Every structure is written in C-alpha cells, then in structure tokens.
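A.B. asks: Fold the following and give me the result.
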Amino acid sequence: MAQTPVVAPPKRPEGQWAFGEREPLNANERFKAEDDGLNVRHRIETVYAREGFASIPGEDLRGRMRWWGLYTQRKPGIDGGKTATLEPHELDDEYFMLRVRCDGGALSVPQLRAIADVSTTFGRGTADITDRQNIQLHWVRIEDVPEIWRRLEAVGLSTQEACGDTPRVVLGSPVAGVAKDEIIDGTPAVEEITRRFIGDPAFSNLPRKFKTAISGSPHHDVAHEINDVSFVGVVHPELGPGFDLWVGGALSTNPKLAVRLGAFVTLQQVPEVWAGVTGIFRDYGYRRLRNRARLKFLVADWGAEVFRDVLEREYLGYTLPDGPEPPPPPSGRRDHVGVHEQVDGLRYVGAAPTVGRVSGPLLAQVADLAAAAGSDRVRLTVEQKLVVLDVLPERVDALVEGLEAIGLRVRAASTFRRGTMACTGIEFCKLAIVETKARAAALVDELERRMPDFEQPITINLNGCPNSCARIQVADIGLKGVLAPDGSDAYQVHLGGGLGLTSGLGRTLRGLRVPAAELPDYVERVTRRYDEQRFDGELFAEWAHRADEEDLR
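C.D. replies: Numbers count the residues shown, from 1 in each chain. Next up is the predicted model:
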C-alpha cells in the first residue's frame, strides 16, 4: 500500500484509497468490499454446482463469478434493440461463457487437448480464440464447473482472474524465445508475474480490469498501445536489451493510447515494476464512477512525469534509468501466419482461423497435428490466430496440409482472412447490439470471392457494441454495431486506425452507418479506392487520413 502520497487529492472525491476514501461509491465497489471475488469459488463448488443456477444470488452471478472467468451468456432470441432496456436478469441465460487464461498465449499440446475435451464435453463444442490470447467457451452449466476446473487445472490451466476487476491475462509475443529477430525474450517475466501475483488478494480488488502486455518482438505483436501497462522490447545503449515502459492505454467509448514513461526496465525488474504500476492503479485509481475507473483516466490527469515520479518514489524506492524509444516495427504483417524459421533451425507455423472461431473437435485435431509435427507448443495471438512452434523442417508440409484441410489457412490465407477479427457479438454477449462472428466470416468469404488478387495488408474489425472488444478504433476499417432506424443491424464506420507503424485512432465518418446487408459492397468499394489511389508503399491507414471524405463513403 502506498505511503505518504506525493500527489494531492482531486477537489471532488474519486474513491481513491490512497487518500483514505474507502467508502464504496457504487454497487460494484460495495460487493467487492463485502467479499473478495476470489472467495466465490468455494460457494460455486459447495453450493451453486450442487443446487443449480437458481441458487446463485445476483452479486455473485453478475459480479464475483467473473473473478473465476464466468459470465452469464445472453438468453437466445433477445434482439439488439432490447439490450439497453431489459433488466440484467431478463438478459441472463442459465448458461455461462467460460474464459480460459492463456498467459503469453502459451499452450502445451496436453493443455490444448484438455480445452478441446472441456469444450466438447461441457460446451457444445464451442471455442473462440480471443484477441487477448484466451480461449472462450460457451453453454457451460454451473453444475459442470467444478469438473471443468479439475480437468483444466490437472494440466496447469486456470480461469482465475480471467475476468473481473483484476489483472487479466498477461499478453506475450507468441514467438517469444524462438523468433530470429527477437530483441529479448519476455517469457520469464510473464511467468513470474502470473506465479507471484495472479490470485494474490493484494491485487484482486482493482478499480476496473487491468491489462498487461510484454513483448520483446520488434514487430510490436501484443498491441502495447492499448494496454494498461506494457513492456516493449528495446536495446539500451549501455544496459543492453530490456523494456520500455508504457501505461494508460485502453479503448471502449473513450479511447486513449498508452503513453511512454521514458523509463528503461530490465527483464529482472519487470515483475516488481508491474506490481508498482498495478499498486498505483489499486490505490490511486478512480472508484467513484465505473466509466472513469480505468487507469487511462488517472494517467491522463497526472501525465507521464507525475506517474513515473509516484511509481519510483512510492512503490519502487529507486529511480529507473531513462531509456530509448522502441524503433518503428518493420513494415508488413505481424500476425505470424505462414511458415517461419526459428532461431534454433526448427520452424514455427502460423495459421488463420476465420475471426477466431474454432471448436473443441478442431482444437483436438490441431493438437494431434502439432504432436505429429514434433511439437509440444502452440501459441495464440492477439489477432485471433494460432501458431505451432518447434516444427521439424521435414514435417512442415504435412502440418500445413493438415491445418488447411481443417479450415486453418497457412499459405493460402488471404489478406481478408488474416486481417479480419470480430468480438463475440449478440450470439452470446449481453452487451451486444448486433451479430458479429457469423457476419464477419461471411464478409471474409465474399471479399475473397470478389477480390481474389487483393494482397495489401488490411485490418477489418467488427464489434457488436461500443465497448470495442474487437479494437474498432485501431483498425483500418472498424465497424461498430448500431441499429438502423428500422431496427435492423448496421455498422458505424471508423477508418484509418492502426497500431505499430500507423499507431493512432481512426476517423469517424459523420452520419455513415452501413446496413449489414451492404457491408460487402461498402468494404469492397473503399478497399478498391485505396488500391487505386495509394502511393507506392502507402498503408491503408495513411491513405484513409488523407483521402477525400467522398472516397471513404
């Protein structure tokens, strides 16, 4: 806990613990103060799993159970126009989404098989790879949760703090430790943070969710600009390889990109610096209003200089050295799809499922194919893709053929299949307004049919509501679900967002809402205009910010 604050409290109380403001100021803070979310597991195992869905009180059902990766899913048949008008209990189905943590995106073959088994046995075969390197399952019954935990934990997996006001999954480069051009392998830091701090009551009651990214890849492959805290690989001229520290990134309805603190962090320091940043959020974070509780608001109010000063003086007790900015990433794709040589002479093979949608049976097939190729390691990416590491060179072709035979494109992945992602959408999510997954998959198929020779890298992100789980503001073409005047599905358009070389938020075209049925026509039209008007080497985001507005409609 922070001692003797070096910053003054704001004029209006914001529920900041560092200033003694412990009185809960909203319903979420009240239920967290009454009982730590981690404690709900005992009740799930001893009461709710035995007595059924009806036995679960609301503050556990829609609150604390998130601390163990469980959300109620949307009751089927409720249209998007009712999302904001119905009471929570009217939206709840008696089934759950279950999120499995995959820190660093890392899965062994036995772990992948365990997830496939749980999906097939308890989740009607559902499985989605998220853009947070997790796997989400659906149709989970409360009665089955203890057995699901037993099967997952037997192979070292967990759902602990996969959701809730906690430190969520720690993102890591999917090719950490094997990429030939890696600056530094962040895996030890990912593992140490999860070992020491996940499930620690000292960090299990944060103002809101808290997202972490650690990558030593020069390709900036963990979306560091939109995480609460990120460690980005750099080389210090005197201290060698390490990390540049960024804080305060997040999207949703008030998007903000992370800011550099200008501090250099060694690999060994990453866990304690992470704990310091997380401690600042816990102690100084705004707990009065949920929509102002993310770390990005505190960082915006303090600025990088004050934040770094508080981190060093109150939480670390030493000064971090100044460090260099990360160099711009190389041009080209950073999704790791395709066949690539590892530093040890083996190969890694990246495959593209369509918008992250897989299944239990398909994951079991991936596990078999990986094992046959000599691998025991599969990685998930922040682009809803998967990568098989440590493939024997002589078995690459068989692996690629096998993956493509089950619908996971490797060499045959089009730019649209590689670049399109979607959130869960109205199929399962209680916040969603429109359909996303099936519509995005159909869009990919149609664009491949209409534009088979288009090869420029492009990202198309579909989101079912304003919360931006699919990162619409930082996509080349971001599509936010809205309702048309007649109540049908439509999408508000954001153009020219990006991460990496084109890091920034997209343009919103006033009044442009594309009906769902017209999405393929719209995306084809704007994509062809880009291809016709672009300068040599110009990326879509660069073109979209200079293009005339009529060319973007």
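A.B. asks: Would you map the helices across the stretch 1-150 of the chain?
C.D. replies: 27-34, 40-43, 49-51, 58-61, 88-91, 109-122, 145-153 (DSSP state H, counting those that start in this stretch).
A.B. asks: among those, which is nearest D283?
C.D. replies: With Cβ to Cβ, the closest approach to D283 among the helices of the stretch 1-150 of the chain belongs to helix 27-34: 14.2 Å. From N, CA and C alone the C-beta is placed, and that goes for glycine too.
A.B. asks: So what touches that closest one?
C.D. replies: With contacts defined as Cβ atoms under 8 Å, 6 or more residues apart in numbering, helix 27-34 is touched by 15, 22, 24, 59, 63-64, 165, 205, 287, 290.
A.B. asks: returning to that earlier point: give me whichever of the helices of the stretch 1-150 of the chain is most buried.
C.D. replies: helix 109-122 (a mean of 21; mean count of other Cβ atoms under 10 Å).
A.B. asks: and it with helix 145-153, angle?
C.D. replies: Going by axes from the mean of the first three to the mean of the last three Cα atoms, to 10 degrees, helix 109-122 is angled at 160 degrees with respect to helix 145-153.
A.B. asks: quick one on the thing from earlier: nearest to P255, of the contacts of helix 27-34?
C.D. replies: Nearest member of those to P255, counting by Cβ to Cβ, is R290, at 16.7 Å.
A.B. asks: and T85, how far is that from D79?
C.D. replies: The spacing between T85 and D79, counted by Cβ to Cβ, to the nearest Å, is 11 Å.
A.B. asks: Please disregard the earlier target; I meant G356.
C.D. replies: Using Cβ to Cβ, which is the criterion applied here, G356 is 24 Å from D79.
A.B. asks: the more surrounded of those two?
C.D. replies: More crowded of G356 and D79, by other Cβ atoms under 10 Å: G356, with 28 against 13.
A.B. asks: Next one: that one from W67, what distance?
C.D. replies: In terms of Cβ to Cβ, G356 sits 24 Å off from W67.
A.B. asks: go on, D165?
C.D. replies: D165 is 8 Å from W67, by Cβ to Cβ.
A.B. asks: which residues are in contact with both of the two?
C.D. replies: Residues touching both D165 and W67 by Cβ under 8 Å, 6+ apart: G37.
A.B. asks: Mind giving me the packing neighbours of the worst-scoring helix or strand of the chain on mean pLDDT?
C.D. replies: The helix or strand of the chain with the lowest confidence, counting by mean pLDDT, DSSP states H and E, is strand 507-515 at a mean of 90. Strand 507-515 sits against strand 489-495, with contacts defined as 3 or more Cβ pairs under 8 Å, 6 or more residues apart in numbering; DSSP states H and E.
A.B. asks: Provide the strand pairings for the strand it packs on, with the direction of each partner.
C.D. replies: Its sheet considered, strand 489-495 pairs with strand 477-483 (antiparallel), strand 507-515 (antiparallel) by DSSP bridges.
A.B. asks: Let me know which of those strands is the nearest to G279.
C.D. replies: strand 477-483 (33.5 Å).
A.B. asks: For that closest one, what does the pLDDT average out to?
C.D. replies: For strand 477-483, mean pLDDT is 96.
A.B. asks: Pull the distance from that strand to the chain's centre.
C.D. replies: Distance of strand 477-483 from the chain centroid (Cα atoms, centre = their mean, to the nearest Å) equals 18 Å.
A.B. asks: show me where pLDDT drops low in this structure?
C.D. replies: 1-5 (pLDDT under 70).
A.B. asks: For the residue nearest in space to the middle of it, give me its contacts.
C.D. replies: Residue closest to the average C-alpha location in the chain (Cα atoms, centre = their mean): R132, at 2.5 Å. By Cβ under 8 Å, 6+ apart, the contact list for R132 reads 168-169, 171, 211, 382.
A.B. asks: Name the nearest of these relative to T502.
C.D. replies: Taking Cβ to Cβ as the measure, T502 lies nearest V382 of the contacts of R132, at 16.1 Å.
A.B. asks: what about the closest one, is that helix, strand or coil?
C.D. replies: Classification of V382 by DSSP: H, G, I helix; E, B strand; the rest coil places it in coil.
A.B. asks: ok, it touching G104?
C.D. replies: No. Counting by Cβ atoms under 8 Å, V382 does not reach G104; the two are 11.2 Å apart.
A.B. asks: between those two, what contacts are shared?
C.D. replies: The contact sets of V382 and G104 overlap at 133, 171 (Cβ under 8 Å, 6+ apart).
A.B. asks: Now do the helices in the stretch 451-553 of the chain.
C.D. replies: Going by DSSP H, counting those that start in this stretch, the stretch 451-553 of the chain shows helices at 519-533, 540-546.
A.B. asks: Deepest-packed of the ones you listed, please.
C.D. replies: Of the helices of the stretch 451-553 of the chain, the one with the most neighbours on average (mean count of other Cβ under 10 Å) is helix 540-546, at a mean of 20.
A.B. asks: quick one on the thing from earlier: in strands, which of the contacts of R132 fall?
C.D. replies: 168-169, 171, 211 (DSSP state E).
A.B. asks: Could you dump these into a markdown table and include distance to A114 and neighbour count?
C.D. replies: What follows is these, written out as a markdown table (distance: Cβ to Cβ, whole Å; neighbours: other Cβ atoms under 10 Å):
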| residue | distance to A114 | neighbour count |
| --- | --- | --- |
| R168 | 21 | 23 |
| V169 | 17 | 26 |
| L171 | 22 | 30 |
| K211 | 25 | 21 |
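A.B. asks: just those residues now: which is nearest P9?
C.D. replies: Looking across the ones in strands among the contacts of R132 and measuring by Cβ to Cβ, the closest to P9 is K211, at 26.1 Å.
A.B. asks: what residues are up against the closest one?
C.D. replies: The contact partners of K211, taken as Cβ under 8 Å, 6+ apart, are 132, 168, 171, 227-229, 250.
A.B. asks: Can you add distance to R471 and give those residues back as JSON lines?
C.D. replies: Formatted as JSON lines, the contacts of K211 follow (distance: Cβ to Cβ, whole Å):
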{"residue": "R132", "distance to R471": "10"}
{"residue": "R168", "distance to R471": "15"}
{"residue": "L171", "distance to R471": "13"}
{"residue": "N227", "distance to R471": "11"}
{"residue": "D228", "distance to R471": "15"}
{"residue": "V229", "distance to R471": "18"}
{"residue": "A250", "distance to R471": "11"}
